[in-house]
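Novice: Fold the following for me, if possible:
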Amino acid sequence: MASLLLLIIYISFIGLGIPDSLFGSAWPAIYTDLGLPVSSASFVTMTVSGCTIISSLLSARLIHRFGTSVITAASTLLTAFALLGFSLSANLLCLCLCAIPLGLGAGCVDTALNHYVALHYKASHMNFLHCFYGIGVTLSPFLMSLALSAGSWRSGYRTVFFFQLFIGILTTVSLPIWRKAGHTAPDEEAHNSRPAGFLSLIRIPKVRRVCMVFIGSCGLEYTCGGWGSTFLVRSRGLSTDTAALIITFYYAGMAAGRFLSGILSARFTPAQLVKAGQRVTACALVLLLLPLPSAAAGVSLFLIGLGNGPVFPNMLHLTPQHFTKELSQSVMGIQMAASYTGIMLTPALFGPIAETAGTAVFPFYLLAAFTLMAAGSLLIQRKSA
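Specialist: Next comes the predicted model:
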């Protein structure tokens, strides 16, 4: 029963990944179709991330009350219908309104499943879990590239809606499996204690250092996913469908990095895998900074995904080890909020910068996000030594 439940959790994480890469790959076609300035993407992405931060900070109390299984099913269905709303949107206001349920649903399910796996499964399962997330974020830009080649970003959103709806229905009908696995009672998942408060936890130095890693890593990840396609179109002269296809390889690299990390977790600790991934990312950024042909940019983006991909799941799996099981659920919520702060602010700030200085600054911007992540990791290692 535990193996079947784990499979359902894996599939749920495909659903979590599906919406995250869709908007960035579709944006060059969306802003052209709706007559919007390129920087207006920031309004949508900030709305999604802002709502995700709110739901992440509230997630510990919601999980304590309703349990992981109910939160997962309800949140997945919420994001599915948000995607349908995107396909019907006629202006920026509609896009922003649909971004609200998308963000609220993503934050709760992300925190709930990450904490559940960190407590009940090995590090390899956490990496494979985020590998399935990588499948989701790889699938949606591929489907969007097919839709764009046929001339319609709206049909891409509708296709992805049906995928997400299927996953939402699956998580709903699987609720009895969670009960049979014996981990559905909200008080058991919360270890019979009330969630710790945000203000008390953020005063802990290690919490702040860990947040630096999550902000930098997720900012790097989502700036690549959200603006990589626009960078390839504007600065490297590629067509929108070709750029969307290359971003698919970026997400494939992220999925491959997490899969490889899951295999290597039998021999290496999560901290060692984080360090190795950051080294690969550093090399990839150097490659992207060099004035090489467009094909090299595609390789660089693949390697960024490969290296940065293992950082997030391995840092999450270290949460109970860093902060004890009693505090881990509440700290997990803060970590997710920090992650979505990076997701919200880092790509959003790049919009006006790109409009002023041009998208050619994209590699330097990624380097700044990487520097924040690396600094946080070094501080954690020095204080832990």
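Novice: Poorly predicted segments of the protein, please.
Specialist: 1-2, 181-198, 324-326, 383-385 (pLDDT under 70).
Novice: Following the longest helix seen in it in sequence, what is the next regular element?
Specialist: Counting by DSSP state H, the longest helix found in the chain is helix 319-357. Using DSSP states H and E, the helix or strand that follows helix 319-357 in sequence is helix 362-384.
Novice: the inter-axis angle of that next one versus helix 319-357?
Specialist: Angle, helix 362-384 to helix 319-357, by axes from the mean of the first three to the mean of the last three CA atoms, to 10 degrees: 150 degrees.
Novice: Show me what helix 362-384 packs onto, helices and strands only.
Specialist: In terms of contacts (3 or more CB pairs under 8 Å, 6 or more residues apart in numbering; DSSP states H and E), helix 362-384 is packed against helix 205-234, helix 270-289, helix 319-357. (Glycine included, C-beta is placed from N, CA and C.)
Novice: Buried deepest among those helices, which one?
Specialist: helix 205-234 (a mean of 24; mean count of other CB atoms under 10 Å).
Novice: Run the angle between that helix and helix 362-384 for me.
Specialist: 160 degrees.
Novice: SS state for the closest residue to Ala348 other than its chain neighbours?
Specialist: Closest residue to Ala348 in three dimensions, ignoring its sequence neighbours and counting by CB to CB, 6 or more residues apart in numbering: Ser42, at 3.9 Å. Secondary structure of Ser42, reduced to three states by DSSP: H, G, I helix; E, B strand; the rest coil: helix.
Novice: And for Pro19?
Specialist: Here Pro19 is recorded as coil under three-state DSSP.
Novice: which residues sit in contact with it?
Specialist: 79, 82-83, 102, 106, 140, 160, 164 (CB atoms under 8 Å, 6 or more residues apart in numbering).
Novice: for the helices and strands packed on helix 362-384, which one sits closest to Met144?
Specialist: For the helices and strands packed on helix 362-384, the distance to Met144 is smallest for helix 205-234, at 9.6 Å, taking CB to CB.
Novice: Tell me which of the helices and strands packed on helix 362-384 approaches Ser56 most closely.
Specialist: Closest approach to Ser56 among these (CB to CB): helix 319-357, 3.9 Å.
Novice: what helices or strands is the closest one leaning on?
Specialist: Going by 3+ CB pairs under 8 Å, 6+ apart, helix 319-357 lies up against helix 41-66, helix 92-120, helix 198-202, helix 205-234, helix 311-317, helix 362-384.
Novice: Looks like the residue nearest to Ala348 contacts Met344 (just checking).
Specialist: No - here Ser42 does not reach Met344: they are 9.2 Å apart, not a contact under CB atoms under 8 Å.
Novice: Next one: Leu57 from Asp20, what distance?
Specialist: According to CB to CB, to the nearest Å, Leu57 and Asp20 sit 19 Å apart.
Novice: Have a look at these two and say which one is more surrounded.
Specialist: More crowded of Leu57 and Asp20, by other CB atoms under 10 Å: Asp20, with 23 against 18.
Novice: Contact partners for Phe370?
Specialist: Going by CB under 8 Å, 6+ apart, Phe370 touches 216, 220, 278, 281-282, 285.
Novice: Go through stretch 60-73 and flag the buried ones.
Specialist: 60, 62-64, 66-73 (16 or more other CB atoms under 10 Å).
Novice: Mind putting the helices and strands packed on helix 362-384 into JSON lines with distance to Cys131?
Specialist: Output for the helices and strands packed on helix 362-384, formatted as JSON lines (distance: least, CB to CB, whole Å):
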{"stretch": "helix 205-234", "distance to Cys131": "14"}
{"stretch": "helix 270-289", "distance to Cys131": "13"}
{"stretch": "helix 319-357", "distance to Cys131": "18"}
